[in-house]
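**Q** Here you go, sequence then predicted model.
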Amino acid sequence: MQELARILAQPDAETKMFELLEQDVQSKISAKLVTLMWLDYPAGRARRIYTNRPDLYPTKDSKPISTNPWYEHVIVGQNTFVANTLDEMDEQFTDKDFFAAHGCASVLNMPVVINGKTVGSLNLLHEENHFTPARVERTKELVLTAMVCIMLQQSNLNNA
């Protein structure tokens, strides 16, 4: 908590929080691709607010919020989604071939829930069978940082 308070008190806190999120992901779980999405419900868009690979997944990108089995599981049910092979991704991700071309054959999507509402998701991709039960359990250690990142990014404090 003291580390979060120290970072939030600094200028450019949003950038520093994203750096902390990336550091925590890599030290606790490891991922080739890390993105953080914010759900802009009024616009019906999922907006990428952080990526460790802006060359592949720029933050300016967004996509429509679609109601499908993944949405029901992660967004409505507030459950972590894990697929450890491309075949498991088949029904949920139309861009699985893109992932495979960049060495990613497993995915973990963790809902970010604030005040009872799913406001986004932390998305991790890595090599096949990477997301073991132990790694999935460790994602719980990332949720506070992901929550703060979304809250800070949406707070307007950066424009104050």
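**A** Looks like it came in fine. Numbers count the residues shown, from 1 in each chain.
**Q** ok, the closest residue to Phe99 other than its chain neighbours - how many residues close by?
**A** Leaving out its chain neighbours, the residue that sits closest to Phe99 by Cβ to Cβ, 6 or more residues apart in numbering is Leu125, at 5.8 Å. In this view, the C-beta of every residue, glycine as well, is placed from N, C-alpha and C. Under the neighbour criterion other Cβ atoms under 10 Å, Leu125 is assigned a count of 25.
**Q** again with Glu128
**A** Using other Cβ under 10 Å, Glu128 has 16 other residues around it.
**Q** Give me the neighbour count for the nearest residue to it once chain neighbours are set aside.
**A** Distance criterion Cβ to Cβ, 6+ apart; nearest residue to Glu128, sequence neighbours excluded, is Ala105 at 3.8 Å. Close neighbours of Ala105, defined as other Cβ under 10 Å, add up to 21.
**Q** Going along the chain, name the strands of this protein.
**A** For the chain, applying DSSP state E gives strands covering 33-40, 45-51, 62-64, 81-83, 106-114, 117-126.
**Q** So what touches stretch 38-53?
**A** Stretch 38-53 is contacted from outside by 18, 21-22, 31-37, 57-65, 75, 118-121, 149-150, 153-154, using Cβ atoms under 8 Å, 6 or more residues apart in numbering.
**Q** Just the buried residues from the residues you listed, in PyMOL please.
**A** Of these, the buried ones go into a single PyMOL selection, burial set by 16 or more other Cβ atoms under 10 Å:
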select buried, resi 18+21+22+31+32+33+34+35+36+37+57+62+65+75+118+119+120+121+149+150+153
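**Q** just for this structure, where's the confidence low?
**A** 156-160 (pLDDT under 70).
**Q** quick one on the thing from earlier: surely the residue nearest to Phe99 meets Val25?
**A** No - checked against Cβ atoms under 8 Å, the pair Leu125 and Val25 is beyond contact range at 11.0 Å.
**Q** list residues touching both of those two?
**A** Common contacts of Leu125 and Val25 (Cβ under 8 Å, 6+ apart): 31, 34.
**Q** Could you check the angle the longest helix along the chain makes with strand 45-51?
**A** Assignment by DSSP state H gives helix 13-28 as the longest helix of the chain. Comparing the axes of helix 13-28 and strand 45-51 via axes from the mean of the first three to the mean of the last three Cα atoms, to 10 degrees yields an angle of 80 degrees.
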